[in-house]
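Asks: Attaching a predicted model along with its sequence, questions to come.
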Amino acid sequence: MTAFLLTAVTVLTLAVAFLFLMNLALAREIGRVQVRLGPLGARMMDSGPKVAESGPSFQGLTDHRGRDVSVGGHRTKPQLLMFTGPKCSTCKGLLPGIKAMARAEKDLEVVLVSDGSPEEHAAFLAGSGITDELSYVDARDVGIAYQVGTTPYGVILDEHGKIRGKGLCNHMAQVESLLNALETGTPSLQHLHEQSRARAASRPVDIELTRVG
């Protein structure tokens, strides 16, 4: 009987160890998938205010430095909203790049919009190294208004408060693609692909019309 119990315990221990290793392998593969998503640009989610529409505006917010912050509406420079969470590991990984972007892009206002408890925000800010280069606000209502379901998620607004690009951002390349969307007027690579498909679909008709003429 004792030998049977020892065998059973050994088998269960090996099974648990195997499952643990499988979970580690799965987490690693998920990380690789996220890395490969980098060149695709910000992945736009089909929810919330549409591109070219005016984004919801908010007044009277206060950032981590006690400064007044507004979101959306008419302003002197474009605004990048980065929706983040104090427990989001990918958000923390993006933070050095976003801070560098905020320091380099003088004609851009960067706002980190977060949601969580005061203790979570304090712990996040303590290790973030964020100073005056951007604003960090606890504004759950903003996330709800923009219908952000996951983080990190970016929205770029022009000087008139209109959305020029948005999407899930797992890499700085995806964050930078939002600035490209603002400069080029093309919200995402998804739109470029759709435009290419539309042009390709119209070509046979054009050729036929040319022959008839």
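Replies: Okay, I see it. Predicted model, so just to flag it, every value in this text is computed and none were measured. Residues are numbered from 1 along each chain as shown.

Asks: Quickly list what the residue nearest the centre of the chain is bridged to.
Replies: Geometric centre of the chain, nearest residue: Y153, 2.3 Å, by CA atoms, centre = their mean. Beta-bridge pairing for Y153 (DSSP bridges): F83, L168.

Asks: Go ahead and confirm it touches F83.
Replies: Yes. Here Y153 reaches F83: they are 4.3 Å apart, a contact under CB atoms under 8 Å. To be clear about C-beta, it is placed using only N, CA and C from the backbone, and glycine gets the same treatment.

Asks: what does the model give the residue nearest to the centre of the chain for pLDDT?
Replies: At Y153, the model reports a pLDDT of 95.

Asks: now R211
Replies: For R211, pLDDT reads 55.

Asks: coming back round to it: how about the contacts made by the residue nearest to the centre of the chain?
Replies: M45, M82, F83, K166, G167, L168, C169 (CB atoms under 8 Å, 6 or more residues apart in numbering).

Asks: Nearest to E105 among those?
Replies: M82 (12.8 Å; CB to CB).

Asks: Hmm, V110 and the closest one touching each other?
Replies: Yes. Applying CB under 8 Å, one finds M82 in contact with V110, separated by 6.9 Å.

Asks: can you pull out the helices in this protein?
Replies: Under the criterion DSSP state H, helices of the chain are mapped to 2-36, 89-104, 118-126, 140-145, 172-184, 189-212.

Asks: who's S135 bridged to?
Replies: Residues in beta-bridge contact with S135 (DSSP bridges): V111.

Asks: Hmm, it is touching D68, no?
Replies: No. Using CB under 8 Å, S135 is not in contact with D68, being 9.5 Å away.
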